[in-house]
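Peer 1: structure, please.
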Amino acid sequence: MSSSKHSEELRRLALSVLQPGFVGTQAPDWVLRAIGDGLSSVVLFSRNISSPEQVASLTAQLRAENPSLIVAIDEEAGDVTRIESSTGSTRPGNFALGAVDDTELTASVSRDLGGQLHAVGVSLNYAPSVDVNSNPDNPIIGVRSFGVDPELVARHAAAWIRGLQSAGVAACAKHFPGHGDVAVDSHHGLPSYDADLDTIAAQALPPFRAALDAGVRAVMSGHLLVPAYDAHLPATLSSRILGGLLRKELGFDGLIVTDAIEMGAVTDRYGIEGATVKAVVAGADAVCVGGESAGEGVADLLAGALVHAVQSGELTEARLIEASNQVRAFAEWSAGLARSVPVNPISGDIGFVAARRAIRLTGPVDDILPLTAPPHVVELVPSTNLAIGKETPWGVGGPLRERLPGTTFVRVHHHQLVTRPAVLQEYALEPAAGRPLVIVVRDATRNKWMGRALADLAGVRPDAIVVEMGLPGDSVAGAVQIFTHGATAASGVAAAEVLVGAR
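Peer 2: Residues are numbered from 1 along each chain as shown. Next up is the predicted model:
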């Protein structure tokens, strides 16, 4: 084979292992050209979505170039939602499902989601998160986890995967080998999971074993250091973790896909090109890119880096071929999975049913609820991680006002409290004078400023009703508290129904 022909074939192989995102609600020309040149996958984000009809048209446009193209999405159906990013998810997330602890309900919710994704042409969902949220200060997982008990997480991970795949969409268990016991957000820095081998085996790995047993064919690596296995390289770049632990010890023979390769945890040290090459060398078969770095230039850059790595000897051609073959095998399997299930674009109300079942109440509920007068609602707003779309609405004020006209609500951010110490008095207490006060928080225990603001408000208004939409924390003495176990649109509706006695 001539050198030019060989370079062309290497570029086809390199493109085949990339899973890039792009900007726009129609496929850009560069994406269509790249599919013709060997690109085997794309990933959709909220910027690509305006309506079900538009997404179905987009995926049909893409598949006209390659019928077995993998169309992926990062849709956890909880606080992290793409398909419903403009409205908030109509399904509760993992933590709420774990709180109910009914695996049939979990499977029903994910089957309902799968039907929605299947109808618009998505074939791979980067979900569920099967991380065990064993560190309550974890800034990246939280309510994205089914819970803190490995066995609970394992059984719901299996149920979620079975439900989704029964609807014709492939699942992807993440973030291997477990992102739940860290204190750093991997979008910005490199977290470290410092447990010993026995602890990892007991705490983090059971959900992944359950996912494999449930038939998952894709696993996403996490950008975290696990010194018990590899003291130097994060999991995504570690052959000891991808090849040794996942392939050999756990016996996984499906597709290994990286978490977004542009995240700071890997690019701060190696750059996006270096991280991409090291991931494939280590055993990753597909490289997800384009959540933050979307464009023709990035895909070309990474394909070029992989070609150069083969030519320089850093990456063997055999490893690149192996990765490409894994992608092709997965594409064929997932396309067959999709063909095996008829398209049913009708979603049920199972998400709202599940959100209602996840509600927990404490305090003198019968003395305070239901509300008989329109309240003033104060929502204390945290900074969220990059996995959660800033455009995604959440809260209780909106759905409560629909059910109880005259309800008013306001949002308070940390920076407002810092710059204007009287903001709670002006925005929260004064408008609530002579009226019920509802305080909505999201991870008040982890966000110390929020916990202090909550305590200050409850000190002045001990009759306030507190709605916690994140991880449940310390009780507010004497207050009625509503725990939703997530901040989805469905959870907000369920809380509003409790407040007005509509349950």
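
Peer 1: for the rest of this, base every contact and every neighbour count on C-alpha atoms.
Peer 2: OK.

Peer 1: from the chain's centre, how far out does the helix or strand that contains Glu53 sit?
Peer 2: In this assignment (DSSP states H and E), Glu53 forms part of helix 52-63. Averaging C-alpha positions (C-alpha atoms, centre = their mean, to the nearest Å) puts helix 52-63 22 Å from its chain's average.

Peer 1: just the CA trace of that helix, in CSV.
Peer 2: Below are the C-alpha coordinates for helix 52-63, written out as CSV (Å, rounded to 0.1, in the frame of the first residue of the first chain):
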residue,chain,number,x,y,z
PRO,A,52,-38.8,15.9,18.7
GLU,A,53,-39.6,16.4,15.0
GLN,A,54,-36.4,18.4,14.5
VAL,A,55,-34.3,15.7,16.3
ALA,A,56,-35.8,12.9,14.2
SER,A,57,-35.1,14.9,11.1
LEU,A,58,-31.5,15.5,12.2
THR,A,59,-30.8,11.9,12.9
ALA,A,60,-32.4,10.9,9.6
GLN,A,61,-30.1,13.4,7.8
LEU,A,62,-27.1,11.9,9.6
ARG,A,63,-28.0,8.3,8.9
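
Peer 1: any weak-confidence spans in the stretch 351-500 of the chain?
Peer 2: 385-389 (pLDDT under 70).

Peer 1: and the strands in it, which stretches?
Peer 2: Listed in chain order, the strands of the stretch 351-500 of the chain (DSSP state E, counting those that start in this stretch) span residues 360-362, 376-381, 408-413, 437-441, 465-468, 480-483.

Peer 1: show residues contacting the last one.
Peer 2: Taking C-alpha atoms under 8 Å, 6 or more residues apart in numbering as the criterion, the residues outside strand 480-483 that touch it are 359-365, 368, 463-470, 472, 475, 495.

Peer 1: that older thread, what would the strands of the stretch 351-500 of the chain look like in JSON lines with mean neighbour count and distance to Val310?
Peer 2: As requested, those are exported to JSON lines (neighbours: other C-alpha atoms under 10 Å; distance: least, C-alpha to C-alpha, whole Å):
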{"stretch": "strand 360-362", "mean neighbour count": "14", "distance to Val310": "56"}
{"stretch": "strand 376-381", "mean neighbour count": "24", "distance to Val310": "48"}
{"stretch": "strand 408-413", "mean neighbour count": "17", "distance to Val310": "50"}
{"stretch": "strand 437-441", "mean neighbour count": "25", "distance to Val310": "51"}
{"stretch": "strand 465-468", "mean neighbour count": "25", "distance to Val310": "52"}
{"stretch": "strand 480-483", "mean neighbour count": "23", "distance to Val310": "53"}
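
Peer 1: would CSV of these with distance to Gly168 be doable?
Peer 2: Formatted as CSV, these follow (distance: least, C-alpha to C-alpha, whole Å):
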stretch, distance to Gly168
strand 360-362, 33
strand 376-381, 37
strand 408-413, 40
strand 437-441, 37
strand 465-468, 35
strand 480-483, 33
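
Peer 1: for Pro345, give me the pLDDT.
Peer 2: pLDDT recorded at Pro345 is 70.

Peer 1: i'd like the first residue to be 23 from this point on
Peer 2: Yes, from this point I'll number from 23; that puts the last item at Pro367.

Peer 1: I'd guessed it sits against Gly143; true?
Peer 2: No. Pro367 lies out of contact with Gly143 (C-alpha atoms under 8 Å); the separation is 10.7 Å.
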